[in-house]
Structure formats: C-alpha cells, structure tokens
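Chemist: got a structure for you, letters missing:
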C-alpha cells in the first residue's frame with residue numbers, strides 16, 4: 001500500500017493519506033494555493049518521516065484512510 005502527504009501551509013499541517021483516500025484520488029491538482037501533495041511512498045513509515053521533515057507543527061495521519 002502506498003502513501004502520500006498533503007502539506008498545508010496555512011494550518012501548519014502535514015497529513016499522511018493512503019493513495020486510495022478520496023481526498024487524494026479526487027484532488028484537482030498536486031499544488032494548490034494552500035499547499036501541495038508529495039510524491040508516493042512505499043510505506044507508512046517513509047511517509048511519516050517525510051511529513052516530520054517538512055517542519056510543520058502538526059503531523060498526523062488521515063482518520064478516514066490510515067488505520
């Protein structure tokens with residue numbers, strides 16, 4: 001299972017999602033006015049490490065798709 005990270009600048013958050021998550025699959029583009037979607041990661045651990053490395057204050061996983 002692959003994972004991605006959405007980095008949101010205004011909320012100072014990096015959120016890890018599964019690539020099957022509707023928030024990711026229905027995105028309109030990879031970069032938005034508020035942030036960007038990362039590339040894919042092969043494991044949850046890799047995605048979490050990337051999210052932590054963004055320097056965002058809030059790092060978390062999506063409550064809907066990452067269990």
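Modeler: Looks like it came in fine. The shown structure was predicted, so the numbers you read here are calculated from the model rather than taken from an experiment. Numbering: from 1, shown residues only.

Chemist: low-scoring pLDDT stretches of this structure, where are they?
Modeler: Counting by pLDDT under 70, not a single residue of the chain qualifies.

Chemist: what's the top helix by length along it packed up against?
Modeler: If you go by DSSP state H, the chain has its longest helix at helix 44-53. On a contact count with 3 or more CB pairs under 8 Å, 6 or more residues apart in numbering; DSSP states H and E, helix 44-53 meets strand 3-8, strand 13-18, strand 58-61. From N, CA and C alone the C-beta is placed, and that goes for glycine too.

Chemist: For the last one, which strands pair with it and how are they oriented?
Modeler: According to DSSP bridges, strand 58-61 forms sheet pairs with strand 13-18 (parallel).

Chemist: from the chain's centre, how far out does the longest helix of the chain sit?
Modeler: 9 Å (CA atoms, centre = their mean, to the nearest Å).

Chemist: For this structure, list the residue farthest from the centre, please.
Modeler: Taking CA atoms, centre = their mean, the residue of the chain most remote from its mean C-alpha position is residue 33, at 15.6 Å.

Chemist: Helix or strand: which one has it?
Modeler: In the assignment (DSSP states H and E), residue 33 maps to no helix and no strand.

Chemist: mind listing what the spatially most central residue of the chain touches?
Modeler: Relative to the mean C-alpha position of the chain, the nearest C-alpha, by CA atoms, centre = their mean, is the one of residue 5, at 1.8 Å. Residue 5 is in contact with 14, 15, 16, 17, 37, 38, 41, 47, 50, 51, 54, counting by CB atoms under 8 Å, 6 or more residues apart in numbering.

Chemist: same deal with residue 36?
Modeler: Residues counted as contacts of residue 36 (CB under 8 Å, 6+ apart) are 6, 7, 30.

Chemist: Ok, residue 13 next?
Modeler: Applying CB under 8 Å, 6+ apart, the residues near residue 13 are 7, 56, 57, 58, 59, 60.

Chemist: In contact with the fifth one, which residues are there?
Modeler: To tie it back to what came earlier, the one meant is residue 59. Contacts of residue 59 by CB under 8 Å, 6+ apart are 13, 14, 15, 16, 48, 51, 52.

Chemist: Appreciated, that's everything.
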